[in-house]
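*Asks:* Below are the sequence and a predicted model for it; my questions follow.
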Amino acid sequence: MGLTLEPSFQNMKKNLTLFLLLISALSFYQSADACNWKSRYFIYNTYDSCNSNSRKASVGGYVFFNSNLIGCFKYQWKVNGNIVSSRNVFSYAATQNGSYTISCKVTDTCNNCDTIFSSTKTISCLPNCNWKNKYPTLYTIDSCDATTKKASVFGYISFNSNKACFKYQWKVNGVNSGNNYYMSYPVNSNGTYTVCVKVTDTCNNCDTTFCSTKTISCLNSCNWKNRNPYSYSWDTCQGYGLRNSVNGYISFQYNSSCFKYNWTVNGKNAGNSYWVNYPITQNGTYYLCVKVTDTCNRCDTTFCMIKTINCFKNCNWSNKITALNYIDSCNGRRYKMSLNGYVAINQNYLNCCKFLWKVDGQIVSNNNYFHAPINKNGNYNVCVKITDTCNNCDTIICVNRLINCSNSGIEPITNKAWQVYPNPVQTVLNLATESNIGCLKIFNCNGQLIHDSTYNDVSTQIVVSTWPAGIYLLRIEDTGQVFKFIKQ
């Protein structure tokens, strides 16, 4: 007869299963007992703080436990479903009247359990800003006149309430357009205009916004693209009968007598026709823009072009002119009683240069030097024009020469009796002499010329009230006399 162990093994398996179930049940009851929130002697409270005088209100709450596991607790307060705090206390500002549902979820992270406390508070002390009960009425109107090509939108708002507390801010398509209970806003193109007014009740510290839309369609269309604009620019560096220039041209599918043009070149006004011819003197980039205005349809647009000029060659005269001297000869051995001068040019450019000397506007030489006779004492204006024919550029240099020779036959310059007063001066400087004043110049203490005029009278006044305080020199060009005065 054989021995079998199967019944004993089955019994052991059943016993092990029962043991595990018992352990699980004991753990469950121990855990349930550990999370017996009532036995932890908690204190939960919520409150509201409502002050109608200060127009402020809040709701708050707190929860405390008599437990050794406080370090295991986590908190989550909510007001109307919004999380407001993660501490055991909280305070929440209320902005309007109504019911506020308050809940606090407490989690025991040590025993892995949680509970929720909840309550409701009602706020009724805040000002009443029920705009619907104030019976607001918003009117928006458009005024569109196709004959005059003018249009506007109007707005008006009213309430069955005390207007003294109200402030208004109107906007049309986001642009501020008025601060009264009504407004008028001009428009210059067709389209949809959104009219909004923000109304603030300063007595009850609240506001709201009302909006409406108006569509303008009476104005003529200014679709410039459909007019097939054509613009063109060019330069005339070599002249071609015109001065060296940049030029522009604009045309449309039809030329209307309603069109007006305004050209600018590098921001400077250049012409008022459908074309422009703008003189240039140097290389560089030139921005040509023309603003076209349709005065019949009250609209405009701007077209711009860029022209780069590289036709001017280098005319750096400081590298070409090596010397410029003047000699006045009253008793010279070769040239008596004469004005003399010469200009020296770098040898690399000498064959390209032409010269033209003038004394008091009269041509006296075509060489790099000149000699001009002196017929009388006084001030002489001497100019030399130098032209670089290789690089197609020129420059003009002028000086004033005072001649006072004592030779017989020429009347010497005598110093006139002058009166320059008051000195020091604050507002007006007076000048008086025996005969015509002629040309005079005034320099500041830095040698800068600040006044240059010619007077055909024996007296004059110069206003100096706006000049900076300091020392000034007044020079009479005809006699060379110099006077010093002080501006206070």
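*Replies:* Noted; the coordinates are in hand. Numbering: from 1, shown residues only.
*Asks:* C-alpha from now on. contacts and neighbour counts both.
*Replies:* Noted.
*Asks:* How is the protein divided into domains?
*Replies:* Split into domains by automatic domain parsing, the chain comes to 38-123, 131-216, 224-309, 317-403, 419-487.
*Asks:* and the first one, what's its mean pLDDT?
*Replies:* The average pLDDT within domain 38-123 is 88.
*Asks:* can you check the longest one too?
*Replies:* The predicted model assigns domain 317-403 a mean pLDDT of 81.
*Asks:* The third one now?
*Replies:* Model confidence over domain 224-309 averages 82 on the pLDDT scale.
*Asks:* Between the two ends of that domain, how far is it?
*Replies:* Using CA to CA, to the nearest Å, the end-to-end distance of domain 224-309 comes to 30 Å.
*Asks:* Quick one: distance of it to the chain centre.
*Replies:* Distance of domain 224-309 from the chain centroid (CA atoms, centre = their mean, to the nearest Å) equals 26 Å.
*Asks:* do the same with the longest one
*Replies:* Distance of domain 317-403 from the chain centroid (CA atoms, centre = their mean) equals 50 Å.
*Asks:* Same list (the domains of the chain) but as a markdown table, adding mean neighbour count.
*Replies:* Shown next, in a markdown table, are the domains of the chain (neighbours: other CA atoms under 10 Å):
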| stretch | mean neighbour count |
| --- | --- |
| domain 38-123 | 15 |
| domain 131-216 | 16 |
| domain 224-309 | 16 |
| domain 317-403 | 16 |
| domain 419-487 | 15 |
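*Asks:* what are the ranges of the strands in the stretch 301-450 of the chain?
*Replies:* 321-329, 338-345, 353-359, 362-365, 369-373, 378-388, 393-403, 419-421, 428-432, 438-443, 449-455 (DSSP state E, counting those that start in this stretch).
*Asks:* Name every strand pairing with the last one and say which way it goes.
*Replies:* Using DSSP bridges, strand 449-455 pairs in its sheet with strand 438-443 (antiparallel).
*Asks:* can you give me how far the strand it pairs with is from the chain middle?
*Replies:* Centroid separation for strand 438-443 versus its chain: 42 Å, with CA atoms, centre = their mean.
*Asks:* likewise stretch 182-189?
*Replies:* The chain centre lies 26 Å from the centre of stretch 182-189; the measure is CA atoms, centre = their mean.
*Asks:* what's in contact with it?
*Replies:* Outside stretch 182-189, the residues within contact range by CA atoms under 8 Å, 6 or more residues apart in numbering are 150-157, 170, 172, 177-178, 216, 219-221, 298-299.
*Asks:* The same query, at a cut-off of 10 Å, please.
*Replies:* The contact list for stretch 182-189, computed with CA atoms under 10 Å, 6 or more residues apart in numbering, reads 138-144, 149-158, 168-172, 175-178, 193, 195, 197, 216-222, 297-299.
*Asks:* what's the closest non-adjacent residue to residue 435?
*Replies:* residue 458 (5.2 Å; CA to CA, 6 or more residues apart in numbering).
*Asks:* re the thing from before, right, so of the strands of the stretch 301-450 of the chain, which gets closest to residue 134?
*Replies:* strand 428-432 (69.8 Å; CA to CA).
*Asks:* Give me the mean pLDDT for that closest one.
*Replies:* 85.
*Asks:* Same check on stretch 203-212?
*Replies:* The model assigns stretch 203-212 a mean pLDDT of 86.
*Asks:* circling back to that earlier point, how near is the residue nearest to residue 435 to residue 476?
*Replies:* 13 Å.
*Asks:* residues shared between the contacts of the two?
*Replies:* What both residue 458 and residue 476 touch, as defined by CA under 10 Å, 6+ apart, is the set 437, 438.
*Asks:* Spell out the residue ranges of the strands in the stretch 151-300 of the chain.
*Replies:* Secondary structure of the stretch 151-300 of the chain by DSSP E, counting those that start in this stretch: the strands cover 166-172, 175-178, 182-187, 191-201, 206-216, 230-235, 245-251, 259-265, 268-271, 275-279, 284-294, 299-309.
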